[in-house]
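# The amino acid sequence is not available; the structure is as follows:
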DNA sequence: CCTACCGATCGGTAGG
DNA sequence: CCTACCGATCGGTAGG
């Protein structure tokens, strides 16, 4: 049993991870289209064509960056909320976890998906499609807990889980962008309170 | 009295206007940093250095584009709402006017300020500062009507106009981005209903 | 306002 | 993974 490192995690894998971590953070500031192979090479100490070779094209790099950001989002926002009781509590924990993630500045440009969604939302292509799919998955997570909360009587029976989750998602994305623009934590607190209120009072919206 | 055109609006003024109109629309899709003098020259039929000369630098062009977008925003969103009765009605009209503006796709990339705020929010500089100032002015407009609504008894006395306007601003920005990403008008309808509900029910938020 | 040009940087390729 | 290179495009300048 030699002490040499296991081949199961190659240098290439490690390089990929290093690049993706730097790229995801950079993308929240410069945009996912503003990523440059040369800059990533400099940051990670590789050659430009070395970075290129690991991904095959800039678009493949961008798709890999979105996948990496998803992993981070699950770890930083979703998983901590899973300890809360399913239903209203977990729904609230997911929303507050998102706002904590933004306020913590896990990425310098706030929430990766809010930032990139605003950038690629009006630019059709595989990157937009993947970002939209991940966003749907996130809203679906909120909707599932909203549904459970209604089923358990924690929210009014006439509350539409899909509309409620859409409304919450909109508030969270908006909070991220307003926070970036002003660097003022009061807007995060305002949205924390608004989310809590929304989940405490009956859903009296007209259809 | 010769029939020749008045000198009060020079060719340069007209060229500026043509460029700014194209640039504002382009910026909502490609980003305000993605604007290129060469592309704007092609679109407007000028030479690249002709465009450059009218503004002096790319940054000056960007600042002029933000100013133009402000004019459009006032014309498309603010002014139509001013016919509504000051207070709760005008506050609602401003919010619904914003959502109409987004759904109408006055710009291909939705609301200019939401798009550009997400882009430059984490990038310090004059462009960010100007965008932030215009955003503040918009929220201030909402806050003034919220204040009036409270004073007139149209909203509960314990409703904080600043928090309410921040909350509304967040919902509107979030709606814009979600609509871009999915091209689904249902999210706009959901937010229309949420805004109406928010302005109809008491402000029961904890401080 | 134009043509013609500058140095820098881009994504990607050749060849190893 | 590397060096060396490609054609294209960038913001900006010179000179008129």
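Perfect, I can see it now. Quantities reported herein were computed from a predicted structural model and do not represent experimental measurements. Numbers count the residues shown, from 1 in each chain, chains lettered A, B, ... in the order given.

# Quick check: which ranges of chain A have low pLDDT?
Scanning chain A for pLDDT under 70 picks out A:1-10, A:201-207.

# ok, so what distance separates residue A:138 from residue A:65?
Relative to residue A:65, residue A:138 is positioned 17 Å away (C-beta to C-beta, to the nearest Å). Every residue, glycine included, has its C-beta placed from N, CA and C.

# same check, this time on residue A:187
Separation of residue A:187 from residue A:65 (C-beta to C-beta): 27 Å.

# rewinding a little: for residue A:138 and residue A:65, indicate the residue with more neighbours.
The neighbour comparison of residue A:138 against residue A:65 (other C-beta atoms under 10 Å in any protein chain shown) goes to residue A:65, with 26 against 21.

# Could you pull up the residues touching that one?
The neighbours of residue A:65, taking C-beta atoms under 8 Å, 6 or more residues apart in numbering or on different chains as the test, are A:20, A:23, A:24, A:27, A:32, A:35.

# go on, residue A:148?
Residues near residue A:148 by C-beta under 8 Å, 6+ apart: A:86, A:87, A:90.

# next one: residue A:84
Contacts here follow C-beta under 8 Å, 6+ apart; on that basis residue A:84 touches A:90, A:92, A:93.

# What residues of stretch A:147-155 count as buried?
Under the neighbour-count criterion of 16 or more other C-beta atoms under 10 Å in any protein chain shown, stretch A:147-155 has A:147, A:148, A:149, A:150, A:154, A:155 buried.

# go on, stretch A:190-200?
Of all the residues in stretch A:190-200, those buried under the rule 16+ other C-beta under 10 Å are A:190, A:191, A:192, A:193, A:194, A:195, A:197, A:198, A:199.

# Can you tell me the SS state at the residue of chain A found nearest DNA strand D?
The nearest approach of chain A to DNA strand D comes at residue A:50, 2.2 Å away (C-beta to the nearest atom of the strand). Residue A:50 carries the three-state label helix when classified by DSSP: H, G, I helix; E, B strand; the rest coil.

# close to DNA strand C, is the helix ranked longest in chain A?
Identified as the longest helix of chain A according to DSSP state H is helix A:126-151. No. Residues of helix A:126-151 are not located near DNA strand C by C-beta under 7 Å from any atom of the strand, the shortest gap being 12.5 Å.

# distance between stretch A:95-112 and the chain's centre?
Stretch A:95-112 has its C-alpha centroid displaced from the chain centroid by 8 Å (C-alpha atoms, centre = their mean, to the nearest Å).

# Please read the previous query as pertaining to stretch A:89-106.
Mean C-alpha position of stretch A:89-106 versus that of the full chain (C-alpha atoms, centre = their mean) differs by 11 Å.

# Okay, buried residues for that stretch please.
For stretch A:89-106, using 16+ other C-beta under 10 Å, the buried residues are A:89-103, A:106.

# Pick the one among the residues you listed closest to residue B:61.
Nearest to residue B:61 among the buried residues of stretch A:89-106, counting by C-beta to C-beta, is residue A:102 at 31.2 Å.

# what sits against the closest one?
Contacts for residue A:102 (C-beta under 8 Å, 6+ apart) come out as A:110, A:111, A:175, A:176, A:179, A:188.

# Now name the helix or strand holding it.
Counting by DSSP states H and E, the element that carries residue A:102 is helix A:88-104.
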